[in-house]
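>>> Sequence first, then the predicted structure, then my questions.
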Amino acid sequence: MCFAMNILPPFQNNLAYQMFSDLCLENSIEFRIVGGCSRDLILKRNSKDIDIAVNINIEDFIKILDFKKIKYNPHAKNYGSIIVYLENRNIEVTSLRIDFNQSGRKTKIKFTSSWYEDSLRRDFTINAIYIDYFGKVYDFHNGIKDLKEQRIQFIGEPLEKIQQDYLRILRYYRMKGYFKNPVQNSKVEEEINQYLKKMTAEINKELLLREIIKMQKMDYYKNCFFVNGTNTKLPWVEYLINYWKKINYKIGIQKCFKLL
């Protein structure tokens, strides 16, 4: 079931978004804002990024960009995602897709025209809220409720989601920095913390480093690293500090944990 509500039409004064919208409307492409961008719009926060899902195969979308001579970065084209450059702004564009045969961070994909099927591949309910050009909000997994309650909830079984992509362990903790008082879910955290060793075995240290640097930029970044309202380090922090010391990853220690 999809819960729908309305907000003001998004980014009315953003020239890059309006140019992108005009391109999609001209080519009869359905598009919706999603991810952190839609979270910010619902909570009336300033959004740093623009993330958009499009109901068109990414290869076909690229042909339109080429025809219009619009610049883009195809770095993640194999995953149905590109970055479009308009008016000095980056717009991350991803086609609706289904992920299958997932292993670690690798996955095979196929295009789908179903917004609901696209939502199922996403990690958390608060990251699967879609907003269309007119401000209509589509919420398939009660993400708005979780957003307002400051709750981080996986879409589907947490352990299954983690095994699909072990970086989601750190993404879970990064989301805690989005909220002032995130709901503590001890059961889920105990479960996902069992895969910390698997995470460092499957995910390269530079990618982990980038995710932790993102944590440091969150509004309530201390929630990413410490047990709520205390100076006690979260288990993932203790584990990664010890692991990086063991492998002598000094850059990671200095950039991520020096001030803890």
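It's in. Nothing here was measured: the structure is a model prediction, and the numbers come from that model.

>>> Show the contacting residues for Gly36.
Gly36 makes contact with Ser47, Asp49, Asp51, Asn127, according to Cβ atoms under 8 Å, 6 or more residues apart in numbering. Using the backbone N, CA and C atoms, a C-beta is placed for each residue, glycine as well.

>>> what does Phe61 give?
Residues near Phe61 by Cβ under 8 Å, 6+ apart: Ile29, Val54, Ile82, Val93, Ser95.

>>> Checking the third one next. Helix, strand or coil?
Right, the one you point to is Ile82. When classified by DSSP: H, G, I helix; E, B strand; the rest coil, Ile82 comes out as strand.

>>> Quick one, grab the pLDDT at Asp99.
Looking at Asp99, its pLDDT is 89.

>>> check which helix or strand covers it.
Counting by DSSP states H and E, the element that carries Asp99 is strand 97-103.

>>> Thr112 reaches Asp99, doesn't it?
No. Under the criterion of Cβ atoms under 8 Å, Thr112 makes no contact with Asp99, lying 10.3 Å away.

>>> right, and the pair among the contacts of Phe61 with maximum separation?
Spanning the widest gap among the contacts of Phe61 are Ile29 and Ile82, at 13.8 Å by Cβ to Cβ.

>>> okay, the two: which has more neighbours?
Using other Cβ atoms under 10 Å, the more surrounded residue of Ile29 and Ile82 is Ile82, with 20 against 15.

>>> Show the contacting residues for that one.
Ile82 is in contact with Ile58, Phe61, Ile62, Tyr72, Asn73, Pro74, His75, Ala76, Glu92, Val93, Thr94, counting by Cβ under 8 Å, 6+ apart.

>>> Bridged to it, which residues?
Note on Ile82: beta-bridge partners by DSSP bridges are Val93.

>>> any idea how far Lys71 is from it?
To Lys71, Ile82 is 10 Å away according to Cβ to Cβ, to the nearest Å.

>>> now do Met5
According to Cβ to Cβ, Met5 stands 35 Å off from Lys71.

>>> Quick check on these two: which one has the bigger neighbour count.
Higher neighbour count among Met5 and Lys71: Met5, with 13 against 9, using other Cβ under 10 Å.

>>> In three-state terms, label that one for me.
Three-state call for Met5 (three-state DSSP): strand.

>>> For the nearest residue to it once chain neighbours are set aside, grab the count of nearby residues.
Of all residues not flanking Met5 in the chain, Val137 sits nearest, at 4.8 Å (Cβ to Cβ, 6 or more residues apart in numbering). For Val137, the neighbour count with other Cβ under 10 Å is 21.

>>> For Val137, list the residues it contacts.
If a contact means Cβ under 8 Å, 6+ apart, then Val137 has Ala4, Met5, Asn6, Ile7, Ser38, Ile42, Ile129, Tyr130, Ile131, Ile144 as its contacts.
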